[in-house]
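# after the sequence you'll find the predicted model.
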Amino acid sequence: MAFVVNGKFTAQRTTGVQRVACELTRALNTRALQKGNLLLVVPRNAKPTQSILERRQVSGWLTGNLWEQITLPFSTRTKTLISLCNTGPLFKRRHVVMIHDMAIYDVAASFTLKFRLWYRLVFSMLRRNSQHLLTVSEFSKQRIVHHLRVPASKISVIPLAADHLSRIASDCRVLARLDISPQRYCLTVGSLDPRKNQARCLAAIEQIACQPDFKFVLVGGGNARIFETSCREGAGAFNRVVQTGFVSDGELKALYENAMCFVFPSLYEGFGLPPLEAMYCNCPVIVSDQAALPEVCGDAAIYCDAESIDDIASKIQIMISDPELREIYRQRGLKRAHARSWRDAAEQFCEELAKIEASYSKNSLSRTSGN
């Protein structure tokens with residue numbers, strides 16, 4: 001049974017789901033490829049990758065979604081396709097899809113109507129046509145079963161890892177650029193997505209008592225409207241919050257390594273990779289108690305109520321005021337983040353493919369015998 005990987009992610013900017021696809025395919029070792037039955041199929045605008053998979057470019061002028069929906073299924077019609085980034089060809093029958101979360105249903109208000117309608121159509125078709133589904137947490141598996149009415153036996157969980165950071169060199173120049181000092185700031189990662197809970201996090205910062213030189217660093221696409229509204233009446237809040245915008249992987253690693261703590265009060269995560277990355281970099285972590293975050297972080301994080309500004313502020317205040325507590329969570333975080341690697345995830349991925357192949361062979365034999 002020949003498998004091919006949907007390489008659309010190789011032409012996209014690397015965010016959450018693309019990171020997973022890149023790391024899974026990169027971590028595959030030669031044992032997984034002994035039969036030569038795994039191929040990476042990419043569009044003409046694909047960027048180089050570090051995967052050892054054999055790479056085949058599908059010719060044609062289409063790119064993006066059109067390439068995925070038209071060119072890709074036609075060129076892989078005799079093979080089983082693996083799509084790792086939530087979407088894939090809607091009418092492909094021999095198809096294994098990784099769906100990362102059910103946010104489109106669980107927190108529908110976070111998305112535009114057009115986006116919701118498109119993804120609900122996508123998930124409806126993938127549910128019907130896919131041979132098997134993969135996901136990244138037991139939480140997401142339960143939500144997929146609930147919303148898509150897929151039997152639990154048809155879904156496999158492959159938890160993620162953070163050891164990609166071991167390959168990245170820290171770029172400590174970012175500290176001088178942002179005018180911050182080691183261990184004199186609290187780090188958070190946010191975006192324009194309301195699920196990241198920027199507004200409450202910024203409101204909580206206004207309540208925290210700290211030295212004038214202590215900063216709160218917000219990495220990512222900060223929402224200027226939320227920032228201005230949250231900080232308008234907070235004395236000195238503008239001076240305490242540093243919005244970085246986009247940072248490189250090396251800069252982000254340096255920020256993790258030098259932060260006093262990391263706070264991630266997200267309202268919804270199918271997995272939640274940033275807290276695990278912070279743990280990997282020896283940074284104590286505060287996360288919300290919602291969605292997949294307790295499953296991912298276990299006893300290695302302090303938990304806050306993401307819907308309570310007071311509780312977010314209280315947990316940050318406790319962490320930055322108690323060096324012994326920080327050391328406890330540094331050690332717990334290191335242990336948890338280093339317990340699993342992308343190689344482990346890739347091994348599990350290959351085991352799932354072997355099960356799918358065995359099931360396909362069994363069904364084929366059964367149909368042949370029936371004839």
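That came through fine.
# hey, let's count contacts and neighbours off CA atoms from now on
OK.
# where do the helices sit along the stretch 251-371 of the chain?
Here the stretch 251-371 of the chain has its helices, by DSSP state H, counting those that start in this stretch, at 273-280, 293-297, 309-321, 323-337, 342-370.
# ok but T244 is inside a strand, no?
Yes. Assessed by DSSP: H, G, I helix; E, B strand; the rest coil, T244 belongs to a strand.
# and the residue lying closest to it once chain neighbours are set aside, how far is that from Q142?
Spatial nearest neighbour of T244, excluding adjacent residues (CA to CA, 6 or more residues apart in numbering): V219 at 5.2 Å. Using CA to CA, to the nearest Å, V219 is found at 31 Å from Q142.
# and Q69, by the same measure?
For Q69, the distance to Q142 - CA to CA - is 28 Å.
# G220 now?
For G220, the distance to Q142 - CA to CA - is 29 Å.
# how many other residues sit next to the closest residue to V263 other than its chain neighbours?
The shortest distance from V263 to any residue other than its chain neighbours is 4.6 Å, reached at I286 (CA to CA, 6+ apart). By other CA atoms under 10 Å, 24 other residues sit near I286.
# so I286 makes contact with A300?
No. Under the criterion of CA atoms under 8 Å, I286 makes no contact with A300, lying 9.2 Å away.
# list the strands paired with the helix or strand hosting L39, with their directions.
Under the criterion of DSSP states H and E, L39 resides in strand 38-42. Paired strands of strand 38-42, with direction, are strand 3-6 (parallel), strand 54-57 (parallel) (DSSP bridges).
# mean confidence score for the first one?
So the one you mean is strand 3-6. In this model, strand 3-6 has a mean pLDDT of 93.
# could you point out which element follows that strand?
By DSSP H and E, the next helix or strand past strand 3-6 is helix 16-27.
# point out where the stretch 51-200 of the chain drops to low pLDDT.
192 (pLDDT under 70).
# per-domain residue ranges of the protein.
3-161+341-370, 164-337 (automatic domain parsing).
# winner for burial among these?
domain 164-337 (a mean of 19; mean count of other CA atoms under 10 Å).
# now do the end-to-end distance for it.
11 Å.
# next: stretch 28-45.
23 Å.
# repeat for stretch 44-64
End to end - CA to CA - stretch 44-64 spans 10 Å.
# equivalent analysis for stretch 240-255, please.
Span of stretch 240-255 from end to end, CA to CA: 16 Å.
# check what contacts it and list those residues.
165, 168-175, 178, 187, 212-222, 281 (CA atoms under 8 Å, 6 or more residues apart in numbering).
# same deal with stretch 81-88?
Contact with stretch 81-88 is made by 3-6, 9, 17-18, 20-21, 68-69, 92, 94-100, 122-123, 126, as judged by CA under 8 Å, 6+ apart.
# how far does that stretch stretch from start to finish?
9 Å.
# nearest residue to F139 other than its sequence neighbours?
A292 (5.4 Å).
# list the contacts for that neighbour?
So A292 contacts S137, E138, F139, S140, Y268, E269, G270, F271, G272 (CA under 8 Å, 6+ apart).
# the third one - that's part of a strand, no?
Yep, that's F139 we're talking about. No. F139 sits outside any strand when classified using three-state DSSP, being helix.
# tell me how far it lies from L165.
With CA to CA as the criterion, F139 and L165 are 25 Å apart.
# got it, and Q331?
18 Å.
# and for F271?
From F271 to L165 the distance is 17 Å (CA to CA).
# and L178, by the same measure?
Taken as CA to CA, the span from L178 to L165 is 22 Å.
# likewise A109?
For A109, the distance to L165 - CA to CA - is 33 Å.
# ditto for I309
Distance from I309 to L165, by CA to CA: 31 Å.
# now swap in L53 and tell me
21 Å.
# surely Q57 is in contact with R44?
Yes. Counting by CA under 8 Å, R44 is a contact partner of Q57 at 6.2 Å.
# what's the helix or strand for S170?
Going by DSSP H and E, S170 is not in any helix or strand.
# Three-state assignment for S153, please.
Criterion first, three-state DSSP; result for S153: helix.
# next one: the residue lying closest to A103 once chain neighbours are set aside from V241, what distance?
Nearest non-adjacent residue to A103, counting by CA to CA, 6+ apart: Y268, 7.3 Å away. For Y268, the distance to V241 equals 23 Å [CA to CA].
# swap in V145?
Distance from V145 to V241, by CA to CA: 41 Å.
# what does L81 give?
Relative to V241, and taking CA to CA, L81 is found at 45 Å.
# strands of the stretch 101-250 of the chain, residue ranges please.
132-135, 155-157, 185-190, 215-220, 241-245 (DSSP state E, counting those that start in this stretch).
# and the helix or strand harbouring V97, how far from the chain's centre?
When elements are assigned from DSSP H and E, V97 belongs to strand 95-98. A distance of 17 Å separates the centroid of the chain from that of strand 95-98, by CA atoms, centre = their mean, to the nearest Å.
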